[in-house]
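Asks: sequence? don't have it. structure:
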């Protein structure tokens, strides 16, 4: 009789959370649908990138596995050595390479530890678990920001990597350079610290209140610390989410190992050409970013006037701490042909979308009876 046993995944899969991508909006008669659930750039890429997409005819050729032209263009734009750059399939692909290289399981059966703030990017626990390492989650401060002091206290002999998501997804606050440097001075040099700056361009376009410090620019920090990796992407500001192109920046003693662990041909030739065109027209990219930042502030100001508490987001989204009323808010958004990203009974992340979508959100929030207040 034939054996009916089935192949089984590794035991770790039973413990991993499921990644929940932003859902599209539900059709509502008479209303234009808007997707505000995935932190996408609703304006899309600049026209020159669209031209690249129309003209590209090299799909039958393998890409350059080192993305040499892209790294050269990035090096010139950012003022870094192209050899310090390692590309990946989005910043998530680049992060996966980092974790696979520096954290996992050990021959004696023990697990390396990866520290990160929580709630933060929901792919973190999945990536850490798949690498074979153990997640150490440190609760956010009440305003949604990182508790860096507590993260430093969580370091043990098993700690191999620390992830600092700035601005933090999904809550929005960013850390400053002074905060990062103070934190790094408490971290052993053997521990790799990843500054995940997927939304960095939105920090650049954000106005900084007098007397406050701007969000950190990882490129100002990594030259002084051999254990720092800066993580960035073309998915958000440049509107290339569907092409999957990101990169990390670090010192040669780190990049030499990351290149070994990198997935061959992770960045397609089309993605590389589109990214280069985005770099060449970065002024237009930033104009679009500035518009989205202005819309973010319009939404935030309007909701605060209605009585909502909104964390100080420096990204292209806002966080509504709706708690137990999160399902009701998500359902109301659905009735208004808006999709938002609900997190259980914690809160809702709302991406900044088209102007009309943002205006509809403001009107909808005014009538919602359970306006978010700052958690205790």
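Replies: Cool, the structure landed. Remember, predicted model here, so these are calculated numbers, not experimental data.
Asks: chain center to stretch 188-204: distance?
Replies: Per Cα atoms, centre = their mean, to the nearest Å, the displacement of stretch 188-204 from the mean C-alpha position of its chain is 10 Å.
Asks: buried set for that stretch?
Replies: Buried residues in stretch 188-204, counted by 16 or more other Cβ atoms under 10 Å: 191-204. In this view, the C-beta of every residue, glycine as well, is placed from N, C-alpha and C.
Asks: for whatever helix or strand residue 340 lives in, which outside residues touch it?
Replies: Using DSSP states H and E, residue 340 sits in strand 338-343. Counting by Cβ atoms under 8 Å, 6 or more residues apart in numbering, the neighbours of strand 338-343 from elsewhere in the structure are 22-26, 33-38, 119, 122, 170, 326-327, 329-330, 333, 348-351, 357, 360-361, 364.
Asks: next secondary structure element downstream of it?
Replies: Moving toward the C-terminus from strand 338-343, the next helix or strand (DSSP H and E) is strand 347-351.
Asks: please name every helix or strand in contact with the helix or strand just after that following strand.
Replies: Counting by DSSP H and E, the next helix or strand C-terminal to strand 347-351 is helix 355-366. If you count contacts as 3 or more Cβ pairs under 8 Å, 6 or more residues apart in numbering; DSSP states H and E, helix 355-366 packs onto strand 34-36, helix 282-306, helix 326-335, strand 338-343.
Asks: Provide a list of residues in contact with the residue positioned nearest the centre of the chain.
Replies: The chain has residue 198 as the residue nearest its centroid, 4.4 Å off, counting by Cα atoms, centre = their mean. Taking Cβ under 8 Å, 6+ apart as the contact definition, residue 198 lies against 91, 165, 169, 231, 232, 233, 235, 236, 246.
Asks: ok, which of the helices and strands packed on helix 355-366 comes nearest residue 105?
Replies: In terms of Cβ to Cβ, the element of those nearest to residue 105 is strand 338-343, at 29.1 Å.
Asks: quick check: angle from the closest one to strand 347-351?
Replies: In terms of direction (axes from the mean of the first three to the mean of the last three Cα atoms, to 10 degrees), strand 338-343 departs from strand 347-351 by 140 degrees.
Asks: can you map out the strands along the chain?
Replies: Counting by DSSP state E, the chain has strands at residues 34-36, 85-88, 113-118, 134-139, 159-165, 192-196, 228-233, 246-249, 317-320, 338-343, 347-351.
Asks: could you export the ones you listed to a markdown table, including columns for mean pLDDT and distance to residue 300?
Replies: Conversion of the strands of the chain to a markdown table gives the following (pLDDT from 0 to 100; distance: least, Cβ to Cβ, whole Å):
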| stretch | mean pLDDT | distance to residue 300 |
| --- | --- | --- |
| strand 34-36 | 98 | 14 |
| strand 85-88 | 98 | 32 |
| strand 113-118 | 98 | 22 |
| strand 134-139 | 98 | 24 |
| strand 159-165 | 98 | 20 |
| strand 192-196 | 98 | 23 |
| strand 228-233 | 98 | 24 |
| strand 246-249 | 98 | 27 |
| strand 317-320 | 98 | 6 |
| strand 338-343 | 97 | 15 |
| strand 347-351 | 98 | 10 |
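Asks: for residue 245, which non-adjacent residue is closest in space?
Replies: Across the structure, with Cβ to Cβ, 6 or more residues apart in numbering as the measure, the residue nearest residue 245 apart from its sequence neighbours is residue 271 (4.1 Å).
Asks: and of the buried residues of stretch 188-204, the nearest to residue 221?
Replies: Proximity of these to residue 221, judged by Cβ to Cβ, is greatest for residue 195, which lies at 7.1 Å.
Asks: contacts only, for the closest one.
Replies: 164, 166, 180, 216, 218, 221, 222, 228, 229, 230, 231.
Asks: likewise for residue 345?
Replies: Shown in contact with residue 345 (Cβ under 8 Å, 6+ apart): 323, 324, 326, 327.
Asks: for it, grab phi and psi.
Replies: According to degrees, to the nearest 10, the main-chain angles of residue 345 amount to phi -120, psi 30.
Asks: quick one on the thing from earlier: out of the contacts of residue 195, which end up buried?
Replies: The neighbour-count test (16+ other Cβ under 10 Å) marks 164, 166, 180, 216, 218, 221, 222, 228, 229, 230, 231 as buried among the contacts of residue 195.
Asks: where's the last one relative to residue 9, distance?
Replies: By that I understand residue 231. If you measure residue 231 against residue 9 using Cβ to Cβ, to the nearest Å, the figure is 28 Å.
Asks: before we move on, what about the second one?
Replies: According to Cβ to Cβ, residue 166 stands 33 Å off from residue 9.
Asks: sorry, back to before: residue 15 is nearest to which of the helices and strands packed on helix 355-366?
Replies: When the helices and strands packed on helix 355-366 are ranked by distance to residue 15, counting by Cβ to Cβ, first place goes to strand 338-343 at 19.1 Å.
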